[in-house]
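Trainee: Whatever this is, show me its structure:
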Amino acid sequence: MTTPTPSQTVGPFFGFAMPFADDSNALPPHAHDALRIEGQVLDGEGAPVSDALLEAWHGELFARSRTDEEGAFHFTVRKPAAEHRSAPYLNLTVFARGLLRHLSTRIYFPDEGDANRSDPVLQLVEPERRQTLIAQAGGDTLHFDVRLQGDGETVFFAV
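Mentor: Presented below is the predicted three-dimensional model:
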């Protein structure tokens, strides 16, 4: 009989095998449908997490970014199409020092108000916490912070 081995802390080896020259882009920033999403990864005290790795994906779309010393990250992606009854969203996976397992969340889009209100996954989230899953509009860029704990903690999903 074999016994399961305990989980291991992730990292700190995130720079190895980054697939893109600037560590983030799945789509050239000058493409007509390019969408830039940027934000910070913050710990429970609100301090930046400087060595996290984030992966955004939906279907064949994939982007990866590591955080800098200020916990900042960015992706340049296309907005995915809505599927079935769900609003358009990106899956977001977060790897960071101190996490025994990666975290999974979603990024929803602020210009999809009606779709977001009827999205079956968002409906499962307490109303006062839903805003942690919706990016904020800011000109040509969307802003999405990932708060690992504490006030305004991002909603994470068990997958």
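
Trainee: For the residue positioned nearest the centre of the chain, which three-state class applies?
Mentor: Against the mean C-alpha coordinate of the chain, by Cα atoms, centre = their mean, the closest residue is L92 at 3.4 Å. The three-state label for L92, taken from DSSP: H, G, I helix; E, B strand; the rest coil, comes out as strand.

Trainee: ok, what's across the strand from it?
Mentor: On DSSP bridges, the residues paired with L92 through beta bridges are A56, T105.

Trainee: Next, V77: phi, psi?
Mentor: Note on V77: its backbone torsions stand at phi -140, psi 180 [degrees, to the nearest 10].

Trainee: contacting residues around the residue nearest to the centre of the chain?
Mentor: Under the criterion of Cβ atoms under 8 Å, 6 or more residues apart in numbering, the neighbours of L92 are L54, E55, A56, S104, T105, R106, I107, F144, V146. All C-beta spots, glycine's among them, are computed from the backbone N, C-alpha and C.

Trainee: What distance do you get for N116 to S65?
Mentor: Taking Cβ to Cβ, to the nearest Å as the measure, N116 and S65 are separated by 24 Å.

Trainee: Looking only at neighbour counts, state which of those two leads.
Mentor: A count of neighbours by other Cβ atoms under 10 Å puts S65 above the other of N116 and S65, at 25 against 20.
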